[in-house]
Each structure stands twice: as C-alpha cells, then as structure tokens.
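Colleague: Here is the input, now give the coordinates:
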Amino acid sequence: MSSRKYVLDTSLFVNPYAREKFGKDPSSAITAFVEHVSGLEVDFYMPPIVFKELSNFVEAKALGEFELIVKKRAPNTYGIFLPAAIFYEFIEDIRGRMNKGMRLAEEFAKDNHPDNDTKLRKLREKYRDAMRAGILDSKEDFELVLLAKELEAALVSSDEGVIKFAHQIGCECIDPTKFHSFLAKLKKK
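Modeller: Numbers count the residues shown, from 1 in each chain. Next up, the predicted model:
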C-alpha cells in the first residue's frame with residue numbers, strides 16, 4: 001500500500017477548468033486520468049456517494065477501469081471527531097447567509113417590475129450565491145472532507161466550500177488544475 005493518498009472530488013472531472021489537462025468532457029477526462037496514473041504507487045479514494053454523483057456525468061464504460069483504480073470508501077462518520085469551534089463558525093455563517101437570503105427575497109417582493117421571469121432568474125442567481133457559494137452544502141462534500149481527514153489524505157477539489165472546511169480541520173488540499181502536472185512529477189520519480 002502506498003503512503004501517498006488522495007481523495008478525489010467530482011470537480012476534478014466535471015469542472016471544465018479542473019479537468020482541462022485530462023480531457024474535454026468528464027468521460028474523456030476519466031479515461032485520460034486512468035492512463036495517466038497507471039503504474040503510480042498512489043492510492044486514490046472516493047466516497048461511494050460521490051462516486052454515484054460522478055456516474056451521473058460520465059458514460060458507464062469510462063468508469064470501468066476507474067473503479068479498479070479508485071477505491072470507494074465511506075468515512076467513519078461515528079469515529080471522526082471535529083472541534084466544536086468549527087460548528088460554531090458554521091452556524092454563524094449559516095445564520096448570516098439566511099439573513100442575506102431573506103433580504104434578497106424582500107427586495108424581490110418589493111420590486112414592482114412586471115417581468116417576473118427575469119426577476120426570478122436574477123433572484124435565483126443572487127440567492128444561490130448568497131446561500132451556497134463558499135460553504136459545505138451537501139452530504140457528498142462533507143463525506144469528501146471527512147474521508148480525507150480520516151485517511152490523512154490530500155483532497156483534490158475545486159469546490160470553495162469543501163476547501164474552506166478542509167482547511168479548517170487541517171486537511172491538505174490540491175488544486176485540480178495543477179493535479180495533472182503533480183501526477184506527472186510523481187511518475188518521473
């Protein structure tokens with residue numbers, strides 16, 4: 001077993017900027033990733049819930065060899081302990097976001113312009129930005145960070161919320177746009 005461990009987020013293959021050096025679409029990125037890492041003494045992990053999410057974006061045949069290289073493992077959610085201070089900050093952040101979302105909804109309600117479709121689109125964009133940008137906002141994201149913490153592995157993600165939470169609990173993070181080059185250096189050793 002390798003001493004180098006990496007937990008992979010779907011953003012490595014789905015985000016166009018992150019996957020750029022691996023492929024033009026998620027399926028070709030996964031195929032290129034498999035070819036690129038063959039022969040490396042490295043362990044790759046992905047929580048099963050994240051793998052399922054990835055399978056929504058990728059052709060089934062592209063996942064064949066990927067499943068042999070990337071280990072599906074759920075974090076031990078009952079055995080990982082996190083400092084209460086992190087949740088204190090998280091709750092404060094959520095409260096601020098809820099208040100911001102409420103103010104956006106109030107602005108929308110007060111706006112008397114008749115073009116509701118345009119208003120709704122703007123409200124959705126602003127609301128999504130206020131509520132979800134830069135925050136851990138799904139079970140999938142939480143499992144990524146917990147697994148990286150449990151395995152003492154580097155987390156490969158471009159999700160701002162995932163990275164922020166990972167840093168709070170002391171996880172190493174690798175920018176997916178640089179991961180291809182990073183793996184190439186490992187291959188040369």
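
Colleague: these two touch, right, residue 147 and residue 49?
Modeller: No: the pair residue 147 and residue 49 does not pass the contact test of Cβ atoms under 8 Å, sitting 10.3 Å apart. To be clear about C-beta, it is placed using only N, CA and C from the backbone, and glycine gets the same treatment.

Colleague: Now for those two: what residues contact both?
Modeller: Applying Cβ atoms under 8 Å, 6 or more residues apart in numbering, one finds that residue 147 and residue 49 are jointly contacted by residue 74.

Colleague: State whether residue 6 is indeed within a helix.
Modeller: No: under DSSP: H, G, I helix; E, B strand; the rest coil, residue 6 sits outside any helix and is assigned strand.

Colleague: returning to that earlier point: same drill for residue 147 and residue 49, tell me which one is more crowded.
Modeller: Using other Cβ atoms under 10 Å as the criterion, residue 147 and residue 49 rank with residue 147 on top: 24 against 16.

Colleague: Tell me which helix or strand comes right after the helix or strand in which residue 109 is found.
Modeller: Element membership for residue 109, per DSSP states H and E: helix 84-110. Note on helix 84-110: by DSSP H and E, the next helix or strand toward the C-terminus is helix 116-132.
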